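Trainee: Below is the structure, and that's it, no one-letter string:
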Ligand SMILES: Cc1cc2nc3c(=O)[nH]c(=O)nc-3n(C[C@H](O)[C@H](O)[C@H](O)COP(=O)(O)O)c2cc1C
């Protein structure tokens, strides 16, 4: 499978863009475990053209994580074009346009999934950005705004006609936010539309190797994108990849091995943010959902302590105490 001139091989797995999650520290870990492409968290086009420092930081990419996509969102054509040119200077392999974010502060202003209510604007942005930059432009969106407007099959064709070189579809509507189950049938319909030539990346609720296999086989997608399933579990890419290639599950990872990865992630986050406390607070999202500690008896008080720890010494002592208990 190819996007522009970027080659991905067979049945690639992509790390989904996630705000506050897919920073360089996490992306590099996912890459190490086999993610075939990683995305930055979404970057505000408005903030980018205003030179907001924290936003510019989000454009930092490392050669080791390539291929990497930088994702932007915004609500008007000129701003998106200007932001796209700034992004191009950061030299990502791909520029991705976010037309899927459901949160009020974004969609309510007409950006992200808000664009699903203004398709002419969505298409105008896509076309203008494609014309403005040399790198491949891709789009990530949802099935539609709500149950009554699941427009993705027609929209996908129109997005392709604007020159987008791949389309990632999260199998939910904006109205669903993150509730209910992702519906992959429409993703499959887009893929089976004989007019579609660009790669279709399926996304939504892939958390097991078996489900990834099913998504490739049943819906025919060109790539599977994994988001929440990777939080606190960056090795999911290795698990899924191994299964796709061999039909077998990886040997279970030891508790100590998983703990070492979790600790490494905390250290990398601290390094990235340049501050111990900030790095620890940032890691809590991963610590809270990681499967590493699942099923441990009487874990609740330890969990609470782990998510309250303020220093690295304190946090690692708690994590190590769990490893030693097992
Ligand atoms: C914490 C969080 C942040 C997200 N941020 C973004 C984002 O910046 N850009 C985007 O396109 N999607 C974003 N998403 C949506 C994911 O990319 C993905 O479409 C969604 O989580 C469904 O995939 P999953 O079931 O594998 O998690 C975010 C999701 C989560 C949970």
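Mentor: Thanks, I have it. Keep in mind that what you see is a predicted model, and the values were worked out from it rather than measured.
Trainee: Let's see the distance spanning stretch 109-125 from one end to the other.
Mentor: End-to-end span of stretch 109-125 (CA to CA, to the nearest Å): 15 Å.
Trainee: For that stretch, buried residues please.
Mentor: 110-116, 119, 121-123, 125 (16 or more other CB atoms under 10 Å). C-betas here are computed from N, CA, C, even on glycine.
Trainee: what do you get for stretch 127-146?
Mentor: 127-130, 132, 135-145.
Trainee: what about the residue in the chain positioned nearest to the ligand, distance to residue 15?
Mentor: Closest contact between the chain and the ligand, by CB to the nearest ligand atom, is at residue 227 (2.7 Å). Using CB to CB, to the nearest Å, residue 227 is found at 8 Å from residue 15.
Trainee: Who has more neighbours out of those two?
Mentor: Using other CB atoms under 10 Å, the more surrounded residue of residue 227 and residue 15 is residue 15, with 29 against 21.
Trainee: which SS state does the spatially closest residue to residue 241 that is not a sequence neighbour fall under?
Mentor: In this structure, residue 241 finds its nearest non-sequential neighbour in residue 34, 4.5 Å apart by CB to CB, 6 or more residues apart in numbering. Following DSSP: H, G, I helix; E, B strand; the rest coil, the label given to residue 34 is coil.
Trainee: Look up phi and psi at residue 34.
Mentor: With angles defined as degrees, to the nearest 10, residue 34 sits at phi 110, psi 0.
Trainee: I figured it was touching residue 14, is that so?
Mentor: No: with contacts counted by CB atoms under 8 Å, residue 34 stays clear of residue 14, the gap being 11.0 Å.
Trainee: which one of those two has more residues nearby?
Mentor: Per other CB under 10 Å, whichever of residue 34 and residue 14 has more neighbours is residue 14, with 26 against 17.
Trainee: ok, now which ones touch the more buried one?
Mentor: For residue 14, the contact set (CB atoms under 8 Å, 6 or more residues apart in numbering) comprises 35-39, 168, 201, 223-226.
Trainee: Just the buried ones from those?
Mentor: 35-39, 168, 201, 223-226.
Trainee: Adding pLDDT, distance to residue 81 and secondary structure, write those out as CSV.
Mentor: As requested, these are exported to CSV (pLDDT from 0 to 100; distance: CB to CB, whole Å; DSSP: H, G, I helix; E, B strand; the rest coil):
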residue, pLDDT, distance to residue 81, secondary structure
35, 98, 29, coil
36, 98, 29, coil
37, 98, 24, strand
38, 98, 25, strand
39, 98, 20, strand
168, 98, 21, strand
201, 98, 24, strand
223, 98, 27, strand
224, 98, 31, strand
225, 98, 26, strand
226, 98, 31, strand
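Trainee: Including distance to residue 102, could the residues you listed go into JSON lines?
Mentor: JSON lines is the format used below for the buried ones among the contacts of residue 14 (distance: CB to CB, whole Å):
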{"residue": "35", "distance to residue 102": "24"}
{"residue": "36", "distance to residue 102": "26"}
{"residue": "37", "distance to residue 102": "23"}
{"residue": "38", "distance to residue 102": "22"}
{"residue": "39", "distance to residue 102": "17"}
{"residue": "168", "distance to residue 102": "15"}
{"residue": "201", "distance to residue 102": "18"}
{"residue": "223", "distance to residue 102": "22"}
{"residue": "224", "distance to residue 102": "21"}
{"residue": "225", "distance to residue 102": "16"}
{"residue": "226", "distance to residue 102": "19"}
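Trainee: Below-threshold pLDDT in the protein: ranges please.
Mentor: Within the chain, the ranges that satisfy pLDDT under 70 run 326.
Trainee: what about the longest helix in it?
Mentor: helix 255-273 (DSSP state H).
Trainee: following that one, which helix or strand shows up next?
Mentor: helix 276-289 (DSSP states H and E).
Trainee: Now do the helix or strand following that next one against helix 276-289, angle only.
Mentor: Per DSSP H and E, the first helix or strand lying C-terminal to helix 276-289 is helix 300-308. On the basis of axes from the mean of the first three to the mean of the last three CA atoms, to 10 degrees, helix 300-308 is oriented at 140 degrees to helix 276-289.
Trainee: following helix 300-308, which helix or strand comes up?
Mentor: helix 312-325.
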